[in-house]
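*Asks:* coords please:
(one chain, ligands or ions: 1)
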Amino acid sequence: MQPFIVNGQSHNVDVEPDTPLLWVLRDTLGMTGTKYGCGIAQCGACTVHVNGVATRSCSVQAFRRGRQNRSPPSRDLPPTACCTRCNMSWLEHDVPQCGYCQSGMIMAVADLLKNKPKPTDGRH
Ligand code: FES
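*Replies:* All right, here's what the predicted structure looks like:
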């Protein structure tokens, strides 16, 4: 058993150290809001925040020293203020299509807005 912190809560999980973060969140902790898409860090459906940085959870190991994870908001955990604003904008602009990858997209947008509060279509 190893301590594993998600959304500020410590969990004891019993998995191999090289288990991808995605599977610890989904299979071990039951946080199915984090989705599996491509499995090769390309689609973004599995994006979560690791130590405050948007990370493709399918392609990183669950255990590294000092890691803190934040999954997409789930029903039993309060969402962060930024994620709440993203969620509201998502609805206001009718962003969801099939909805499968939107939790990962919201996590990516929250990270973008944290680092660049007024993004543009330009590269810089
Ligand atoms: S499942 Fe596609 S990037 Fe992780």
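*Asks:* any idea how far Ser59 is from Thr84?
*Replies:* 27 Å (C-beta to C-beta, to the nearest Å). Heads up, the C-betas are built off the backbone N, CA and C, glycines and all.
*Asks:* send me the helix or strand hosting Trp90 as CSV with only the CA atoms.
*Replies:* Per DSSP states H and E, Trp90 falls inside helix 81-92. Only the C-alpha atoms of helix 81-92 are listed here, as CSV (Å, rounded to 0.1, in the frame of the first residue of the first chain):
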residue,chain,number,x,y,z
ALA,A,81,-13.3,27.7,-8.7
CYS,A,82,-11.5,27.7,-12.0
CYS,A,83,-13.0,24.4,-13.0
THR,A,84,-16.4,25.7,-12.0
ARG,A,85,-16.0,28.7,-14.3
CYS,A,86,-14.8,26.4,-17.1
ASN,A,87,-17.8,24.1,-16.6
MET,A,88,-20.2,27.1,-16.8
SER,A,89,-18.5,28.5,-20.0
TRP,A,90,-18.7,25.0,-21.4
LEU,A,91,-22.5,24.9,-21.0
GLU,A,92,-23.0,28.6,-22.0
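*Asks:* for it, which helices and strands make contact with it?
*Replies:* If you count contacts as 3 or more C-beta pairs under 8 Å, 6 or more residues apart in numbering; DSSP states H and E, helix 81-92 packs onto helix 102-115.
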